[in-house]
Structures are given as structure tokens and as C-alpha cells.
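S.K.: Predicted coordinates and the sequence they were generated for:
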Amino acid sequence: MELQKGKERFIQSWGAFGSSWGINRTMAQVHALLLISKNSLTAEEIMEELQISRGNANMNIRSLIDWGLVYKDLKPGERKEYFIAEKDMSLVVKQIITHRKKKELEPMIKILDEISSVEGECEDSEEFCNVVSDIKLFASKADSMLDKLIKADSNWLMGTFLKMVK
């Protein structure tokens with residue numbers, strides 16, 4: 001396979017995987033393009049390469065910056081903004097975990113905390129409280145495990161991941 005075909009396949013595949021990971025296809029494609037680019041790119045270059053609108057490019061670049069996966073690359077004497085992806089995959093994984101944890105797991109734990117104090121002396125309220133308590137326990141353990149992953153050394157994280165894959 002020639003390089004250009006390989007790049008196109010990677011960008012398309014990363015975009016398709018993105019929707020499975022909970023992000024939109026274009027955001028994942030922008031991330032993929034920046035991941036495999038040797039040099040930082042302007043929004044215009046991203047637009048041209050991916051055949052997307054300026055608004056779509058800018059919105060997805062900003063989202064990737066918010067996630068901590070893309071950075072501005074300031075070039076002296078240049079008025080244009082350049083962007084580059086974080087290429088350390090252990091840091092990329094940690095950033096994604098941190099963002100998803102903050103966006104999904106922490107709000108769920110907050111709601112579980114609020115509803116775990118339901119009052120009542122009937123079988124339904126007892127069942128409700130038991131189910132909520134079980135979910136809260138699982139969510140708290142997941143939260144704790146994710147905190148450890150975020151704080152873990154990159155070598156340990158990769159070693160543990162490789163052991164799980166084998």
C-alpha cells in the first residue's frame with residue numbers, strides 16, 4: 001500500500017472509530033490527520049485535506065484543544081494559527097480518560113449521591129435503594145481505578161495494557 005492510501009485509510013478508520021468512542025467522525029478525522037502529520041497544520045490545510053468547511057474545522061480543532069489532544073503551535077512571524085496533535089499515546093489515553101470521566105462518570109456519581117437518600121418504608125423503595133447503592137459502588141470503584149490510570153507512569157500503563165491484550 002502506498003503512503004497516501006495508508007494515510008487516507010487511517011484517517012477514515014480513525015473517524016469511524018471515533019463515533020464508537022463517543023466523538024463525532026469529523027473530530028476524529030481532524031485528530032487523525034494531525035496525529036500523522038510531521039509538521040503542524042493550519043485550519044486551511046486541515047479543511048483542504050479533509051474537504052470540510054471552515055466552521056467544521058474550527059469547531060473540531062477547538063474541541064480537540066479542550067480535550068488536551070491538540071495544541072496551538074505558534075510560529076514566529078506567522079499570522080496564521082498552526083495546530084499539532086499530542087503524539088505521546090499514553091498521554092493521549094490519559095487525556096481521553098480524564099475528559100470522559102469528567103463528562104460522563106462524575107455527573108452520574110453526583111446523581112447517584114442525590115438519589116441514594118430516597119425515603120420510604122416499602123419494598124419498592126428498598127429495592128430502589130439497593131440497586132442505586134450497587135450502581136454507586138461500581139461507579140465509585142471505576143472512578144477510583146480511572147484515577148489510578150490517570151496518575152500511573154506511562155511505562156506501567158503500557159505494560160499493563162499489553163498484559164491484558166495477550
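M.R.: Nice, I can see it.
S.K.: and A142, what does it touch?
M.R.: L105 (Cβ atoms under 8 Å, 6 or more residues apart in numbering). Glycine gets a C-beta too; all of them are placed from N, C-alpha and C.
S.K.: Where does it sit: helix, strand or coil?
M.R.: helix (DSSP: H, G, I helix; E, B strand; the rest coil).
S.K.: Which residues are in contact with the residue most central in space within the chain?
M.R.: In the chain, the centroid-proximal residue (Cα atoms, centre = their mean) is I96; its distance is 3.1 Å. When contacts are counted by Cβ under 8 Å, 6+ apart, I96 touches W21, W67, L69.
S.K.: Sticking with it, tell me its helix or strand.
M.R.: helix 89-100 (DSSP states H and E).
S.K.: Which among the contacts of I96 count as buried?
M.R.: Buried members of those, scored by 16 or more other Cβ atoms under 10 Å, are W67, L69.
S.K.: Distance to N39, pLDDT and secondary structure added to the contacts of I96, as TSV?
M.R.: Below are the contacts of I96 laid out as TSV (distance: Cβ to Cβ, whole Å; pLDDT from 0 to 100; DSSP: H, G, I helix; E, B strand; the rest coil):
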residue	distance to N39	pLDDT	secondary structure
W21	26	75	coil
W67	21	91	helix
L69	17	94	coil
